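Engineer: sequence first, predicted coordinates after that:
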Amino acid sequence: MIEPRKIAVAMSGGVDSSVAAALLVEQGEQVFGLMLRLWDSRPDRPNRCCSPHDMANARAVAAQLEIPFYVLDVREPFRQAVVEPFIAGYLEGITPNPCMACNRQIRWGHLLQHARKLGATHLATGHYARIQESGGHFHLFRPYDRTKDQSYVLSVLGQLDLEQSRFPLGELRKDQVRERARNLRLPVAGRPDSQDLCFLGGADYREFLSETAGITWEPGPILDQAGSPLGTHRGLPGYTVGQRKGIGVSGAVPLYVVAKDFRRNALVVGPRTALGRTSFRVDRMHWVADQPPDPGTSLTVQVRYRSPAVPARLRPNGIEDGAVVDLDEPLLQITPGQAAVFYNRDECLGGGVILQ
Amino acid sequence: MRQKPIYLDYAATTPLDPRARSRMLPFFDEAFGNPSSVHSWGQQAEAELEQARAQIAGYLGCESDELIFTSGGSESDNLALRGAAFAARNGRSANHILISPVEHPAVLETARQLQRLHGFQLEFLSVDEFGQVEPADLARRLRSDTAVVSVIYGNNEIGTLNPIAELGSLCRQAGIPFHTDALQAVAQLNLQVDELNVDLLSIGAHKFYGPKGVGALYVRRPTPMVPIQTGGSHERGRRAGTSNVPLIVGMNEALAVVVERRATDIQGFARLRDRIVEAVLGGIADAQLTGHPAERLPNHASFVFEGVDGNGLLAALDLAGFACSSASACKTGEPEPSEVLLAIGLDARLATSSLRVTVGRQTTPSEVEAFLTILPEAIARLRVVEPAFT
């Protein structure tokens, strides 16, 4: 007997995942909702993803859609796989992307496994991206609404993940999604989009790092590229390469964080032109197709969630899952710890982590 | 519209008996008077209220004025402990509270608050591996300054029955008020307060096919009690608030039905329960019955399963069409090991792997068989160990 297809929807209490669930119900799918309990928030600073309020919202949406709804406790794995590496990364002076760690280990890890144990054949989320199958191969594409494109943070998925995933919002614009939420009278229709990292709960990440990890900030010199002191910084982990705002020094031209010199505990700043690089190294390369693209495939690379994709070439550097990325034009904001994600036109092929 | 799962959670709550339902309806809108009112409307309501009280007293073998109507089992438990503890402190400087470690949270948390905020000394009786209190242990711990003793009759999580009559008799000899939470027992067990030797006994209607939001506390005369909810002189000044006539009438009718059919009901319940226990222990590896194998509620089967997350199991069963419960179940995704399961000596991990299956009047043998087909599959799936992620 063929088991009926059952889809578990990852619900957060937000507009996107609520509408994703509603669309699947409309399509006649057998659907149930799963909510992740990721993090304990401080009562005065509710986190954005799984506060009691979000949970009540998600539960209300599930009740309205008449679908079963359950909560999965992943607080411990989330701490280990997402929050601790986030903190460790900052201590090393890099800027990790916790959403990608979460997608890899929590959503398409613990959540998908749990969904399958409950009898689900698929996991649906409210991400904006598209999956297309051809000849048994699953391809990940940018969504119809480019302003909401989330393929960057989904570049960690592989064939088995895509085979079992559904992104019901991939063909919709955000305003259409909101419209749907209003038409369905979902109790979440008016909620603002989420912006920061979910577990920060609206706190500044510096504040979070000092409160949660007890990180103390060691002030040190701010230097220009020639080594002349310009001022004092509040501790290196609090700065990101490419950052302009909030450095606290000014020059004849706007100054950016160019480098973090951990040996001398110095923050190096310089003009915008000093940031540009035409080559950088990545490791932990991963391909959505589970294998590298054919040589000669024309590639673009995106070095931030919201940065434009620019032409790039990949060159092996003798390290197993590492590579060197060469660019035609110098690129600002190449930030160690962030992902370099490769595309062929609209298809997301995979990515790696930018090295120092 | 999804189909409702088969209900195997009668210890959580029960459907309203049709006779109780139709009996209470007129009191919402036709005979809606306030029993405290002087006029005819009030007199009619008061007559109904007092008739219900007399009948319920009859079922428990007590006097009418020994019954206090409440909003349900939790309020009855609260009133019993607080009311008796404060009265004993005022009257005889008693400061010691003795309870079992397997009490319902309504008793446990009340006792803890009396300790924390009011300076009572809280002591726990010991229980054996089945969650039973030993009379000898109670005898050892009873003191002249014990304010109140509370031991659950039929345990909601593990089904175990306690030797209430023996425990009560020890308290009686010592002159210490003895309370039992009888919520799970009402539909199935002897409730004669004189045979049970209890001074305080809590019931809640929705556990015996009555309406939610109503219960009662039996208080043996002349056990001293301090009111906890103060206000008007309702319930002889022991519980202020306009009497909830429709719900009390419904509770009385539900209890009448229980008394009529209890003997036959429990035979059927026990057959289904025994079938569940036999099939689970015989057919599922690393399954363990929790609670006493024989001295347990007739409708109650409870287990722990090595390597299974109780919350996940409930979700899997719900999706497969069966509604059960787990001691560690929590709708907010913060499973805590059950205190009751820890008290009977299970380790913290096993104490989050529990399943409670409770049958009732609507349960059929074929439903139970269907459940017993699905359960091993659900457990096997949850036990699959998946590779770690990279």
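Structural biologist: Arrived safely, thanks for sending. Remember, predicted model here, so these are calculated numbers, not experimental data.
Engineer: run through who's touching stretch B:368-387.
Structural biologist: A:113, A:117, A:119, B:6, B:8, B:272, B:275-276, B:279-280, B:283-284, B:305, B:307-309, B:312-313, B:316-317, B:320-322, B:357, B:359 (C-beta atoms under 8 Å, 6 or more residues apart in numbering or on different chains). Yep, even glycine has a C-beta here, placed from its N, CA and C like the rest.
Engineer: mind listing what's buried in that stretch?
Structural biologist: Judged by neighbour count (16 or more other C-beta atoms under 10 Å in any protein chain shown), stretch B:368-387 contains these buried residues: B:368, B:371, B:372, B:375, B:378, B:379, B:381, B:382, B:383.
Engineer: just to revisit the earlier point, of the contacts of stretch B:368-387, buried ones?
Structural biologist: A:113, A:117, A:119, B:6, B:8, B:272, B:275-276, B:279-280, B:284, B:305, B:308-309, B:312-313, B:316-317, B:320, B:322, B:357, B:359.
Engineer: let me see the ranges of the strands in the stretch 151-300 of chain A.
Structural biologist: A:165-166, A:220-223, A:229-233, A:256-261, A:266-270, A:277-287, A:299-302 (DSSP state E, counting those that start in this stretch).
Engineer: what sits against the residue most central in space within chain A?
Structural biologist: Central residue of chain A (C-alpha atoms, centre = their mean): residue A:99, 3.5 Å from the mean position. Counting by C-beta under 8 Å, 6+ apart, residue A:99 makes contact with A:153, A:197, A:305.
Engineer: lowest-confidence stretch among the strands of the stretch 151-300 of chain A?
Structural biologist: Sorting the strands of the stretch 151-300 of chain A by mean pLDDT places strand A:256-261 lowest, at a mean of 86.
Engineer: residue B:87 contacts residue B:222, doesn't it?
Structural biologist: No. With contact defined as C-beta atoms under 8 Å, residue B:87 does not reach residue B:222; the gap is 10.6 Å.
Engineer: those two: which has the busier surroundings?
Structural biologist: Neighbour totals were compared for residue B:87 and residue B:222, and residue B:87 leads with 19 against 8 (other C-beta atoms under 10 Å in any protein chain shown).
Engineer: quick revisit: keep only those of the buried residues of stretch B:368-387 that are in helices.
Structural biologist: Those of the buried residues of stretch B:368-387 mapping onto helices are B:368, B:371, B:372, B:375, B:378, B:379, B:381, B:382, B:383, per DSSP state H.
Engineer: will you turn those residues into CSV that also has pLDDT?
Structural biologist: Converted to CSV, those look like this (pLDDT from 0 to 100):
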residue, pLDDT
B:368, 98
B:371, 98
B:372, 98
B:375, 98
B:378, 95
B:379, 97
B:381, 94
B:382, 94
B:383, 94
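Engineer: now the strands of the stretch 151-300 of chain A in JSON lines, with distance to residue B:103 and mean neighbour count?
Structural biologist: Putting the strands of the stretch 151-300 of chain A into JSON lines (distance: least, C-beta to C-beta, whole Å; neighbours: other C-beta atoms under 10 Å in any protein chain shown) gives the following:
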{"stretch": "strand A:165-166", "distance to residue B:103": "47", "mean neighbour count": "22"}
{"stretch": "strand A:220-223", "distance to residue B:103": "59", "mean neighbour count": "20"}
{"stretch": "strand A:229-233", "distance to residue B:103": "58", "mean neighbour count": "16"}
{"stretch": "strand A:256-261", "distance to residue B:103": "58", "mean neighbour count": "20"}
{"stretch": "strand A:266-270", "distance to residue B:103": "60", "mean neighbour count": "22"}
{"stretch": "strand A:277-287", "distance to residue B:103": "53", "mean neighbour count": "17"}
{"stretch": "strand A:299-302", "distance to residue B:103": "59", "mean neighbour count": "21"}
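Engineer: among the buried ones among the contacts of stretch B:368-387, which are in strands?
Structural biologist: Here DSSP state E is the test, and the buried ones among the contacts of stretch B:368-387 give B:6, B:305, B:322, B:357 as lying in strands.
Engineer: those: which two are farthest apart?
Structural biologist: Longest distance between any two of those is 19.9 Å, between B:6 and B:305; criterion C-beta to C-beta.
Engineer: that older thread, which parts of the helix or strand hosting the residue nearest to the centre of chain A are buried?
Structural biologist: According to DSSP states H and E, residue A:99 maps onto helix A:98-101. When burial is assessed from 16+ other C-beta under 10 Å, helix A:98-101 yields the following buried residues: A:98, A:99, A:100, A:101.
Engineer: and these, which is closest to residue A:226?
Structural biologist: Distance to residue A:226 across the buried residues of helix A:98-101 (C-beta to C-beta) is lowest for residue A:98, with 35.5 Å.
Engineer: walk me through the domains of chain A.
Structural biologist: A:6-126+A:168-200, A:217-273, A:275-354 (automatic domain parsing).
Engineer: mind jotting down where the helices sit in the stretch 201-350 of chain A?
Structural biologist: For the stretch 201-350 of chain A, applying DSSP state H, counting those that start in this stretch gives helices covering A:205-213.
Engineer: can you list the low-confidence ranges for it?
Structural biologist: For the stretch 201-350 of chain A, the stretches with pLDDT under 70 are A:201-202.
Engineer: burial of residue B:213, as a residue count?
Structural biologist: 16.
Engineer: scratch that, residue B:3
Structural biologist: Residues lying near residue B:3 (other C-beta under 10 Å) number 6.
Engineer: residues making contact with the lengthiest helix in chain A?
Structural biologist: Longest helix of chain A, by residue count under DSSP H: helix A:52-65. Outside helix A:52-65, the residues within contact range by C-beta under 8 Å, 6+ apart are A:11-14, A:17-18, A:21-22, A:25, A:31, A:33, A:35, A:46, A:48, A:68-69, A:71, A:184-188, A:191, B:331-333.
Engineer: tell me, how many residues neighbour the nearest residue to residue A:211 once chain neighbours are set aside?
Structural biologist: The shortest distance from residue A:211 to any non-neighbouring residue, by C-beta to C-beta, 6 or more residues apart in numbering or on different chains, is to residue A:203 (7.4 Å). Here the number of neighbours of residue A:203 (other C-beta under 10 Å) works out to 19.
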